[in-house]
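Undergrad: Quick check, what structure comes out for this input:
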Amino acid sequence: MSFRNTSKLLVTLLYLLVSLAGPIAIADQHARKRVPAEWETQEAIWLQWPGRWEKVYQPAFAQMASIIPKYEKLHILCDTKTICNQAVAAIESVGGNANHENIIWHIVPNDSAWMRDNGPVYVIEDGKMRIQNWQFDAWGGAFGDDIPFTKDNRVPIKVGEYLKMPVDKVDIVHERGNLEFNGVDTVLLNWSTIGDPKRNPGYTRARAERDLKLNFGVSKVIMVEGIPSGDFTRGHIDGFARFINPTTVVVSQCTLESKCKPGDSGDALIYDEAARIIEAAGFQVIRDPILGQASFKGESFDTNYLNWLVGNGFVIAVGFDDYETDAAARIRIETYFPGRDVFIVEMLESWYEGGGVHCHTNDQPALPAN
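TA: Alright, predicted model coming up:
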């Protein structure tokens with residue numbers, strides 16, 4: 001048996017043990033610390049409602065806020081009471097119930113509608129849930145030096161206060177959208193993001209690997225590299241490589257129908273090299289084909305569906321207002337997450353600005369029963 005197959009077998013066996021004994025019964029390395037995988041049971045999903053500068057996102061947010069409460073709790077953070085009122089109206093305009101028992105409203109100061117990146121990272125340590133507050137500086141100033149982020153950077157503290165959870169400050173600038181966990185022993189991320197000199201000057205791969213292992217309790221760190229075209233985040237991993245179970249990663253693949261072309265020196269090279277690195281680390285790789293292009297506000301971009309959110313019994317993925325590619329994506333995602341309801345929500349306004357449903361949401365894992 002090859003080393004690669006042996007590695008896959010070991011991870012699979014460990015996952016089976018976790019499933020039988022409960023997520024806490026994991027190898028005792030790093031003081032029983034881990035970040036649950038997104039497909040594990042969640043306590044809630046959080047989002048920051050679009051404010052003054054991001055109102056164009058409201059229709060998509062309203063659709064998400066109509067779906068999520070049917071499956072689990074949804075916490076909605078509003079910068080002001082006025083924004084909460086606008087959110088209520090938007091949800092009701094699409095037939096949702098803003099007074100659903102699973103929706104919890106909060107007035108919490110925030111700057112933007114991208115809570116995946118400025119929100120908490122939840123870590124289970126010694127059987128208790130903690131919040132990590134990694135530093136946020138509006139993606140290294142990618143959208144300009146005048147973009148505010150001070151209120152966003154304090155959101156994890158406010159969430160911790162509400163949940164009565166301890167909050168640990170991590171003095172590294174990084175976003176949750178660039179972290180993929182298999183829930184067992186591995187974190188997958190893009191070095192181009194965490195190693196961005198505008199975020200972390202002088203940071204090295206060796207230091208990053210040590211920091212990630214220390215903070216997340218993982219034994220394996222997989223770093224890919226490269227910035228896909230039009231990606232203002234400098235390559236968040238949730239845009240092109242996602243764990244779907246402890247041993248399998250889905251990676252985008254360019255086709256003749258996509259804007260990126262197979263074998264080109266741009267996005268295709270980034271995706272292909274990421275797939276190679278992940279497979280070499282001992283994981284199964286499934287390539288998700290990009291089957292079309294979308295045009296919006298004079299821009300053209302690939303219909304890449306990997307920026308999905310996994311919740312309790314459901315998945316929400318970005319829609320591109322293209323029936324054929326949206327329908328094909330739904331079928332593929334249903335095979336990735338059997339037994340979950342899959343929703344496609346048109347989100348061209350968000351995608352035009354550089355993100356999708358995963359970027360807007362922040363999932364709170366449930367603390368497993370002892």
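Undergrad: Going by C-alpha atoms from here, please, whenever you check contacts or count neighbours.
TA: Fine.
Undergrad: SS state for Asn215?
TA: Under DSSP: H, G, I helix; E, B strand; the rest coil, Asn215 falls in the helix class.
Undergrad: got a list of what it touches?
TA: If a contact means C-alpha atoms under 8 Å, 6 or more residues apart in numbering, then Asn215 has no contacts.
Undergrad: Show the pLDDT at it.
TA: The model reports Asn215 with a pLDDT of 98.
Undergrad: ok, now how distant is it from Asp171?
TA: Taking C-alpha to C-alpha, to the nearest Å as the measure, Asn215 falls 11 Å from Asp171.
Undergrad: Can you give me the distance of the closest residue to Pro50 other than its chain neighbours to Lys70?
TA: Closest residue in space to Pro50, ignoring its immediate chain neighbours: Ala113 at 5.0 Å, by C-alpha to C-alpha, 6 or more residues apart in numbering. Separation of Ala113 from Lys70 (C-alpha to C-alpha) stands at 22 Å.
Undergrad: now swap in Trp114 and tell me
TA: Plainly put, Trp114 is 22 Å away from Lys70 if you go by C-alpha to C-alpha.
Undergrad: quick one: which of these two has more around it?
TA: Here Trp114 and Lys70 are compared on neighbour count by other C-alpha atoms under 10 Å; more neighbours surround Trp114, at 25 against 16.
Undergrad: Give me the distance between the two termini of stretch 287-306.
TA: 11 Å.
Undergrad: Quick one: distance of that stretch to the chain centre.
TA: Distance of stretch 287-306 from the chain centroid (C-alpha atoms, centre = their mean, to the nearest Å) equals 19 Å.
Undergrad: who's in contact with that stretch?
TA: Under C-alpha under 8 Å, 6+ apart, the answer for stretch 287-306 is 238-242, 250-260, 275, 317-320, 322, 325, 329, 348, 352.
Undergrad: When you filter these down to buried only, what's left?
TA: 238-242, 250-255, 258-260, 275, 317-320, 325, 329, 348, 352 (16 or more other C-alpha atoms under 10 Å).
Undergrad: Cys84 - nearest residue in space that isn't next to it in sequence?
TA: In space, and not counting its chain neighbours, Cys84 is closest to Cys78: 5.5 Å by C-alpha to C-alpha, 6+ apart.
Undergrad: Just the helices from the stretch 251-370 of the chain, written as ranges.
TA: Taking DSSP state H, counting those that start in this stretch as the criterion, the stretch 251-370 of the chain carries its helices at 267-280, 323-336, 348-353, 357-360.
Undergrad: number of nearby residues for the residue nearest to Val342 when sequence neighbours are not counted?
TA: The shortest distance from Val342 to any non-neighbouring residue, by C-alpha to C-alpha, 6+ apart, is to Val315 (4.7 Å). By the criterion of other C-alpha under 10 Å, Val315 has 21 neighbours.
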